[in-house]
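Participant: Please work out how this folds:
(one chain, ligands or ions: 1)
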Amino acid sequence: MTDGALAQNRLQAVLDHPEQTLVGIDFDGTLAPIVADPEQAHADPRAVAALGRLGRLLGTVAVVTGRPARTAVRLGGFRDVEGLDRLVVLGQYGVERWDASTDEFVIPPDPGQVAALTQEIPPLLDRLGQGAAHVEHKGRAVVVHTRQLPDPDASFSTLSGPLNDLAERHEMVVEPGKNVLEIRSPGIDKGVALRAIVEQTGARQVVFVGDDLGDLPAFREVEQLRREGLGGLLVCSASHEEDALSAIADVVVQGPAGVATWLEELADALEARRSTV
Ligand SMILES: O=P(O)(O)OC[C@H]1O[C@H](O[C@H]2O[C@H](CO)[C@@H](O)[C@H](O)[C@H]2O)[C@H](O)[C@@H](O)[C@@H]1O
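Facilitator: Prediction:
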């Protein structure tokens with residue numbers, strides 16, 4: 001079977017069994033455009049409206065993000081959206097959770113190492129001539145951004161080794177992304193988070209939509225779930241910045257605008273099928 005036919009079969013399984021389907025979707029670069037200031041990355045309203053339509057048709061819709069759950073809910077504008085009353089947001093790669101049905105957040109305490117990292121990162125950046133890098137504090141993780149620096153790629157290379165050494169000294173890990181190096185706790189990733197919610201919901205089909213290296217474990221987990229007999233469809237939000245996901249995706253769309261259109265088309269197809277049943 002060709003790759004195109006395989007992808008079509010995987011989509012067909014979702015159309016045939018929407019109530020058994022879980023859609024997991026990343027936030028930055030997928031629901032929201034990549035912008036210089038992380039506080040200005042708002043979800044595309046077309047995508048949010050489409051997710052609301054899908055929320056009425058699918059078993060589960062979950063946003064799985066590196067953002068803190070509270071930040072994702074705020075920047076996504078997910079609260080009180082029609083159709084998203086069962087939305088789940090898994091934040092900080094699955095450590096945090098928000099349930100729209102109860103409006104409750106589950107946020108474990110921050111790891112103790114973060115206070116030391118917060119102290120040590122600014123002088124380290126200064127020593128490396130990167131003192132102008134934006135530092136994002138996420139409670140349980142610290143993120144160094146190079147996007148706003150004169151040469152983002154060169155700065156990323158300069159910082160990568162020293163930040164990895166710093167993370168190792170504190171028994172933390174570096175999560176690299178689009179012009180970001182994030183220091184966070186090991187032990188959980190989007191693949192672990194996705195499997196947990198698949199097991200909680202009993203989903204038989206899993207769709208995952210993502211754009212960056214942090215989504216790779218979720219893509220790999222969908223491949224593993226397929227080997228275990230579940231249905232799985234992988235959608236890549238492509239950009240010139242990262243192409244790690246496109247080769248293993250079933251569907252490649254162009255950035256958050258392409259994702260919004262794909263979600264709308266999925267909702268159209270599911271609604272059309274429902275109206276003929
Ligand atoms: O898992 P995600 O939802 O994709 O979040 C991962 C990181 O995303 C954010 O950084 C990215 O988006 C920023 C705003 O568009 C952009 O400035 C940055 O260059 C991108 O890498 C976020 O700021 C990080 O905390 C997340 O880890």
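Participant: Quick one: name the residues of this protein near the ligand.
Facilitator: Proximity of the chain to the ligand, by Cβ under 6 Å from any ligand atom, involves residues 26-29, 34-36, 38, 41, 65-67, 136, 138, 143, 145, 147, 177-180, 182, 212, 214. From N, CA and C alone the C-beta is placed, and that goes for glycine too.
Participant: Tell me the buried residues within those residues.
Facilitator: Burial by neighbour count, judged by 16 or more other Cβ atoms under 10 Å, picks out 26-29, 34, 38, 41, 65-67, 136, 138, 143, 145, 147, 177-180, 182, 212, 214 from the residues of the chain next to the ligand.
Participant: The top helix by length along the chain - what's its average pLDDT?
Facilitator: Ranked by residue count, the top helix of the chain under DSSP state H comes out as helix 255-276. Average pLDDT, helix 255-276: 95.
Participant: Could you list the buried residues of it?
Facilitator: 255-256, 258-264, 266-267, 269-270.
Participant: Walking through the stretch 1-150 of the chain, point out its helices one by one.
Facilitator: Taking DSSP state H, counting those that start in this stretch as the criterion, the stretch 1-150 of the chain contains helices spanning 3-16, 45-57, 69-76, 113-127.
Participant: weakest of the ones you listed in terms of mean pLDDT?
Facilitator: Minimum mean pLDDT among the helices of the stretch 1-150 of the chain: helix 3-16, a mean of 94.
Participant: what does that helix rub up against?
Facilitator: For helix 3-16, contacts defined as Cβ atoms under 8 Å, 6 or more residues apart in numbering pick out 1, 21, 205, 207, 231-233, 250-251, 266, 269-270, 273.
Participant: Can you point out the buried residues in it?
Facilitator: Result for helix 3-16 [16+ other Cβ under 10 Å]: buried residues 7, 10-11, 13-14.
Participant: Please apply the same query to stretch 206-215.
Facilitator: Neighbour-count burial for stretch 206-215, counted by 16+ other Cβ under 10 Å, picks out 206-212, 214-215.
Participant: Let me know how buried residue 247 is, in neighbour terms.
Facilitator: Close neighbours of residue 247, defined as other Cβ atoms under 10 Å, add up to 8.
Participant: Could you check how far it is from residue 213?
Facilitator: Residue 247 sits 13 Å away from residue 213, going by Cβ to Cβ, to the nearest Å.
Participant: In the contacts of helix 3-16, find the pair that's most separated.
Facilitator: 1 and 270 (23.9 Å; Cβ to Cβ).
Participant: related to what we said a few turns ago, what comes into contact with the longest helix of the chain?
Facilitator: With Cβ under 8 Å, 6+ apart as the criterion, helix 255-276 contacts 14-15, 18, 25, 29-33, 44, 46-47, 50-51, 53-54, 57-58, 209, 211, 235, 237-239, 251, 253.
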